[in-house]
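> Sequence first, then the predicted structure, then my questions.
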Amino acid sequence: MVWPINLVRKKPLFWSLLVVIFVFQARGVAAFGEELFSLGTFVTYMDYTEPEVDVNIKGPLYGLEGRGIFRVPRGLYSAFIFDIAYGTLDYSGYTWAGAALTGTTDDWLCNVRYLVGYEFWRIRALGLSGFLGVAFRYWHDRLRGASGYAREISYWYSPLGLMFSYSRGPWRTDLKMEYDIFWRGKVKSHLSDVDVGFNDPENTQKDGYGWRMELEIAKKLSSRTSFSVTPYWVYWNIDQSDLQVLWYWGFPQTLVYEPANHTYSYGLRLNIIFQY
């Protein structure tokens, strides 16, 4: 199994940049604005399908999430969001020889998101904000068994969305609707797990899109703490990848690609929010 620390080692510049952004926001913006930090847990049900080859991977994942939200005067705000989830999913598909195959997969999935937003309309308790940002999604999936192998799936994308807010007394409700602009994806298939003679092809995904919707309901517990419950839904639709050569002990065998696929995820998140 590949642990999260391996991802940090493979992409040190990316992760270092995110840490710098987070520290800058926490120490700089909080000096003249409002800082909120939240910790939470969530459960999500993931349903991944490759219709062309009739492959399906589905089941629950359980995770943790951390958020830093920084509000400054004139309606501006920024948010840094990180979540990671683990679980065992059910697999149904076929072997290379065409025989039906069912089994289980070991999975972990993480998202890193940085958003900048602006509240451009408010009338008393009602508000409307827009936001955009940059995000990275990484999914490590390993099929158990003699025919199993690991895959690493990564997406770079930009969230673009709207948030409707309503506040009354100690209660606050935020409805977020988001379109995800897909920039680039990569799938590395560790076929050497099946036979050491094979290479591990890396296919690039260039086209796709995503949608996300969530409804956060929060209640203030004290002057500095709140509790929130958030049901959410996420959808990805990714087109077929490019072609790469599959080699066996240095000899070309065939061209391989990642089929078009779509993913439905829905779940529930519970957070404690601290305000400074």
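Here it is on my side, so go on. Residues are numbered from 1 along each chain as shown.
> which strand is the longest one in the protein?
For the chain, the strand that runs over the most residues, judged by DSSP state E, is strand 100-123.
> Next SSE downstream of it?
Using DSSP states H and E, the next helix or strand after strand 100-123 towards the C-terminus is strand 126-143.
> Beyond that following strand, next helix or strand please.
Note on strand 126-143: by DSSP H and E, the next helix or strand toward the C-terminus is strand 150-168.
> That following strand pairs with which strands?
strand 126-143 (antiparallel), strand 171-189 (antiparallel) (DSSP bridges).
> circling back to that earlier point, restrict the longest strand of the chain to CA atoms and write it as CSV.
Output of strand 100-123 as CSV, limited to C-alpha atoms (Å, rounded to 0.1, in the frame of the first residue of the first chain):
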residue,chain,number,x,y,z
ALA,A,100,-15.7,-12.1,-15.0
LEU,A,101,-13.9,-10.9,-11.8
THR,A,102,-15.3,-9.7,-8.5
GLY,A,103,-13.3,-8.7,-5.4
THR,A,104,-12.4,-5.9,-3.1
THR,A,105,-10.0,-2.9,-3.3
ASP,A,106,-8.0,-1.0,-0.7
ASP,A,107,-8.4,2.7,-1.3
TRP,A,108,-7.5,6.1,0.0
LEU,A,109,-8.6,9.4,-1.5
CYS,A,110,-7.5,12.9,-0.7
ASN,A,111,-8.4,16.4,-1.9
VAL,A,112,-6.5,19.7,-1.4
ARG,A,113,-8.5,22.9,-2.3
TYR,A,114,-7.6,26.6,-2.1
LEU,A,115,-10.5,29.0,-2.8
VAL,A,116,-10.9,32.8,-3.0
GLY,A,117,-14.3,34.3,-2.7
TYR,A,118,-16.3,37.5,-2.6
GLU,A,119,-19.7,38.3,-1.1
PHE,A,120,-21.2,40.7,-3.7
TRP,A,121,-24.7,40.8,-2.4
ARG,A,122,-26.4,40.9,1.1
ILE,A,123,-29.8,42.0,2.3
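> tell me the angle it makes with strand 126-143.
Going by axes from the mean of the first three to the mean of the last three Cα atoms, to 10 degrees, strand 100-123 is angled at 160 degrees with respect to strand 126-143.
> same for strand 100-123, what does it pack against?
Other helices and strands packing on strand 100-123, by 3 or more Cβ pairs under 8 Å, 6 or more residues apart in numbering; DSSP states H and E, are helix 4-10, helix 12-28, strand 55-71, strand 76-94, strand 126-143, strand 150-168. C-beta coordinates here come from the backbone N, C-alpha and C atoms, glycine included.
> closest one to Ile181 among the ones you listed?
Among the helices and strands packed on strand 100-123, the nearest to Ile181 by Cβ to Cβ is strand 150-168 (4.3 Å).
> now the angle from that closest one to strand 55-71?
Per the same axes, to 10 degrees, the angle that strand 150-168 makes with strand 55-71 is 40 degrees.
> in strand 150-168, what counts as buried?
Ala150, Arg151, Glu152, Ile153, Ser154, Tyr155, Tyr157, Pro159, Gly161, Met163, Ser165, Ser167 (16 or more other Cβ atoms under 10 Å).
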